[in-house]
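>>> dropping the sequence and predicted coords here.
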Amino acid sequence: MKRRPIHSDSSWLEALPETIALIRRDGVVLGGAGGRGTGLPVLAGDSVNVHVRTLWPGELAELAMRMLRRSLSSRTTIECECEIQGARLELRVTPQGPDKAICSVRAALQGIGSDGDAGSPSQSTGVERRGFVRRFKDAVANASLGGRPLALAVIHVDGLRSISSVMDTGIGDQVCSLALQRVSTRLADYTDTANWFMGQIGEDELAAVVCAAGRERVEAFVAAVCSALAEPIAIGNAAFELKPSAGVAILGQDANAPQALLDHARAAEVEARRSQNAPVFYSDTLKLRALSRLDTAEELRQAIAERQVRLRYKHRHDLVSGRMTAWVGYLAWHHPLRGEVRPAEFLGIAEATGLGVDLSRSVLDTLRRDCEALLRDTPASVRISFGALRHHVVNQRFVDEIRELVRSGLPAERLELRISERAYISRDAGAWKELADLGIQLVVDEFGRLVSSLESLARAPLHGLQLDHGWAARLGRDASADKVCRAVIAMARALDIVPIATGVDDESRRAALVQAGYAQGSGDLYIMSTGSAESRQVI
């Protein structure tokens, strides 16, 4: 994503406790904001086009210039910790093209010192973003030698990656810093757990080492960390919300080596995200579940080869007139022994094991045979809707394969492609224009799980926008869902895009969706109104 220069004309930027500056290779500041928590001058409009040596202390300015040149030459982010005029500061430089970079300066967080025993009662607790891995390894070694309890929690913080990609890496870092500071403050006097420390191990991943005995104490501590992270982060007049999920592995019980302990905690965290439950402990159940998934992957590979995964079709209708608008195809796998396997049970496995493209291509091939039977007795305005899997959509051959499908006999004006929001924003808009020029109708599916670029939505030749089912399902029962639905529908209308809903299960739900502004939808209501032909799997 192309990043815009940072300006200081927003109150929430001015309130940043760290200094963020866009600096050219020659040291001239092109824009900046914040600085109230660093002891440095707050960057304002008069800081633009001024050399960094004029704004910052000489030692800091020279260090920033060296790091800037190194960052631009290596095209990587460079960071370090230094002491300037008695203050501990963290400096991070991120390249923004060939001749400028974003420099952020923040006060260093104080955590457990690098010396000493992480399991010792005299040790302090806290948060540290640097050097966590080494400290974690030392803590595991000391706990193993001393026979002391230790647990590792890996916490995925949903929202951090989106903030960094949509707004800026500096803003994402600032949100993370404030979240960690809150955890450190909130849990500084946590009396039920003797010792702990935390660190950041990924862009949206934190880790906490807890030196406490008993699953209940560890679980209560990790739950308290997640609770602190989940509270909105206010920066000026803006508020950012994060969604944490945590997995825990226990030393001696789940693993004895640091890397194995980390791997198991991450496996438990993935399960926490899947079940929306936090925290989840790594256990024999997770081990068995992992083996079960490997079995499912092998069975799925065979099912793809034998064409066992097909499409089951449902109607989509105009919510006001009741007119049918599309046959919407959904994946259906009928296992010879297990019966119907829900897509939620095998889609994630398919993508994780590299089977996503093969599965999507296999189902696309069945579409050729299905379309003749489906479209023969329906009006010319009714289309057949296919949702390609994400890895297939981003594959370089995807557009050519859709062209081949059209050449094989499926009229382009009868075809609709549903593209998930995640896949949609991963491809250049030129691909969507090529498909639209053929006459194919494009719908962004599962909208609302991520934050799409409004510019991409406005420029792409889209027909429809299908909001993620969770939002529409809570319409009328949840104030936040009402606001999101109204905003998305208003945006769709402004861009001449048809707002589409799923879960139209009864007349009252249809009426509520119409009142909200939805134009089309699918669900159980149309099963009841059209009989057994509504849900149809072509064999």
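Perfect, I can see it now. Computed from a predicted structure; not experimentally measured.
>>> quote the end-to-end distance of stretch 381-393.
Start and end residues of stretch 381-393 are separated by 25 Å (Cα to Cα, to the nearest Å).
>>> show me which residues of that stretch are buried.
Across stretch 381-393, burial judged by 16 or more other Cβ atoms under 10 Å covers Val382, Arg383, Ile384, Ser385, Phe386, Gly387, Ala388, Leu389, Arg390, His391, His392, Val393. C-beta here means a position set from N, CA and C on the backbone, and glycine is covered the same way.
>>> which regions of the stretch 201-350 of the chain lie under the pLDDT threshold?
Where the stretch 201-350 of the chain drops to pLDDT under 70, the residues are 236-237, 277, 284-291.
>>> helices of that one, start to end?
For the stretch 201-350 of the chain, helices defined by DSSP state H, counting those that start in this stretch occupy the ranges 215-230, 258-275, 284-305, 343-352.
>>> and His317, which of those is closest to it?
When the helices of the stretch 201-350 of the chain are compared by Cβ to Cβ, helix 343-352 sits nearest His317, at 22.4 Å.
>>> send me the closest one as CSV with only the CA atoms.
C-alpha atoms of helix 343-352 as CSV (Å, rounded to 0.1, in the frame of the first residue of the first chain):
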residue,chain,number,x,y,z
PRO,A,343,-16.7,-26.3,4.8
ALA,A,344,-15.5,-24.8,8.2
GLU,A,345,-13.9,-28.2,8.9
PHE,A,346,-11.9,-28.5,5.7
LEU,A,347,-11.4,-25.0,4.1
GLY,A,348,-8.8,-23.9,6.6
ILE,A,349,-7.0,-27.2,6.2
ALA,A,350,-7.0,-26.9,2.4
GLU,A,351,-5.4,-23.5,2.5
ALA,A,352,-2.9,-24.4,5.2
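>>> kindly calculate the angle that the very next helix or strand once past it makes with helix 343-352.
Next in sequence after helix 343-352, counting helices and strands by DSSP states H and E, comes helix 356-376. Helix 356-376 runs at 130 degrees relative to helix 343-352, counting by axes from the mean of the first three to the mean of the last three Cα atoms, to 10 degrees.
>>> pLDDT averaged over helix 356-376 - what is it?
Averaging the model's pLDDT scores along helix 356-376 yields 86.
>>> which elements pack onto that helix?
When contacts are defined as 3 or more Cβ pairs under 8 Å, 6 or more residues apart in numbering; DSSP states H and E, helix 356-376 sits against helix 284-305, strand 309-318, strand 324-335, helix 343-352, strand 383-387, helix 390-393, helix 398-407.
>>> export the buried residues of stretch 381-393 to TSV and tack on pLDDT and distance to Val498?
Listed next are the buried residues of stretch 381-393 as TSV, based on pLDDT from 0 to 100; distance: Cβ to Cβ, whole Å:
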residue	pLDDT	distance to Val498
Val382	91	15
Arg383	91	12
Ile384	92	17
Ser385	92	12
Phe386	91	17
Gly387	91	16
Ala388	89	20
Leu389	90	23
Arg390	86	22
His391	88	27
His392	91	24
Val393	90	20
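>>> and the furthest pair within those?
Pairwise distances among the buried residues of stretch 381-393 were taken by Cβ to Cβ; the largest, 29.0 Å, belongs to Val382 and His391.
>>> most packed of the helices and strands packed on helix 356-376?
Burial of the helices and strands packed on helix 356-376 is given as mean neighbour count (mean count of other Cβ atoms under 10 Å); strand 383-387 ranks first at a mean of 24.
>>> need the residues that contact it.
311, 313, 316, 325-330, 363-364, 367, 370-371, 374-375, 410, 413-420, 441, 443, 445 (Cβ atoms under 8 Å, 6 or more residues apart in numbering).
>>> reformat the helices and strands packed on helix 356-376 as a markdown table; add distance to Leu180.
As requested, the helices and strands packed on helix 356-376 are exported to a markdown table (distance: least, Cβ to Cβ, whole Å):
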| stretch | distance to Leu180 |
| --- | --- |
| helix 284-305 | 28 |
| strand 309-318 | 44 |
| strand 324-335 | 41 |
| helix 343-352 | 30 |
| strand 383-387 | 39 |
| helix 390-393 | 31 |
| helix 398-407 | 40 |
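>>> mind checking which of the ones you listed is nearest Tyr518?
Nearest of the helices and strands packed on helix 356-376 (Cβ to Cβ): strand 309-318, 10.1 Å.
>>> which helices and strands does the closest one pack with?
Judged by 3+ Cβ pairs under 8 Å, 6+ apart, the packing partners of strand 309-318 are strand 324-335, helix 356-376, strand 383-387, strand 520-522, helix 524-530, strand 536-537.
>>> okay, now the sheet partners of that strand, with direction.
Next to strand 309-318 in the sheet, as set by DSSP bridges, lie strand 324-335 (antiparallel), strand 520-522 (antiparallel), strand 536-537 (antiparallel).
>>> was I right to think Leu415 contacts Ile440?
Yes. Under the criterion of Cβ atoms under 8 Å, Leu415 makes contact with Ile440 at 5.0 Å.
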